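1. Make a model of this:
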Amino acid sequence: MRDDKTHFGFEQVATDEKVKRVAGVFHSVAEKYDVMNDVMSLGVHRLWKRFTLSQTGLKAGQKVLDLAGGTGDLALRMSRMVGAGGEVVLSDINASMLSKGRERLLDKGIAGNMRYVQANAECLPFPDNYFDCITMAFG
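-> Coordinates of the predicted model:
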């Protein structure tokens with residue numbers, strides 16, 4: 001019989017229990033996630049994201065998937081890079097984070113070329129070779 005255990009912090013938990021615990025953590029921090037990133041990285045995460053965007057080579061009309069995209073930092077900027085003819089899919093496993101990202105992007109007027117998909121990055125609901133670029137900042 002297989003012992004399906006994995007790490008969660010400093011304890012061993014059942015693999016399916018870890019998924020629930022991770023979801024609970026992100027549900028609880030969704031409203032303050034951006035502030036937490038600023039504090040924990042001393043703002044350096046903004047430089048990392050800027051660098052990531054500079055390396056994508058994105059052009060108008062391309063399709064992009066932002067995995068574990070949470071509150072949409074990368075998706076916001078990529079939406080502008082691909083323009084009205086492009087498509088950005090903001091995907092996150094956590095409904096609270098995805099909802100916060102959608103709310104945030106809509107508040108900034110980003111709507112026409114955005115889609116929001118709640119999905120596990122380990123089993124994505126997209127066809128092979130659909131995207132021109134895939135990003136993941138903190139997944």
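2. could you pull out the strands for this protein?
-> Taking DSSP state E as the test, the strands found in the chain are 5-8, 11-14, 63-67, 87-92, 114-118, 133-136.
3. Out of the helices and strands in the chain, which is least certain?
-> helix 33-41 (a mean of 66; mean pLDDT, DSSP states H and E).
4. gap between Gln62 and Ala111?
-> Applying C-beta to C-beta, to the nearest Å, the value for Gln62 to Ala111 is 18 Å. Heads up, the C-betas are built off the backbone N, CA and C, glycines and all.
5. List just the one of the strands of the chain that sits closest to Glu103.
-> strand 114-118 (10.3 Å; C-beta to C-beta).
6. Run through the neighbouring helices and strands of that closest one.
-> strand 87-92, helix 95-107 (3 or more C-beta pairs under 8 Å, 6 or more residues apart in numbering; DSSP states H and E).
7. wait, what's in contact with Arg80?
-> Ile110 (C-beta atoms under 8 Å, 6 or more residues apart in numbering).
8. coming back round to it: could you dump the strands of the chain to CSV with mean neighbour count?
-> Below are the strands of the chain laid out as CSV (neighbours: other C-beta atoms under 10 Å):
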stretch, mean neighbour count
strand 5-8, 13
strand 11-14, 12
strand 63-67, 23
strand 87-92, 26
strand 114-118, 16
strand 133-136, 18
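9. Having no further points to raise, I will conclude here.
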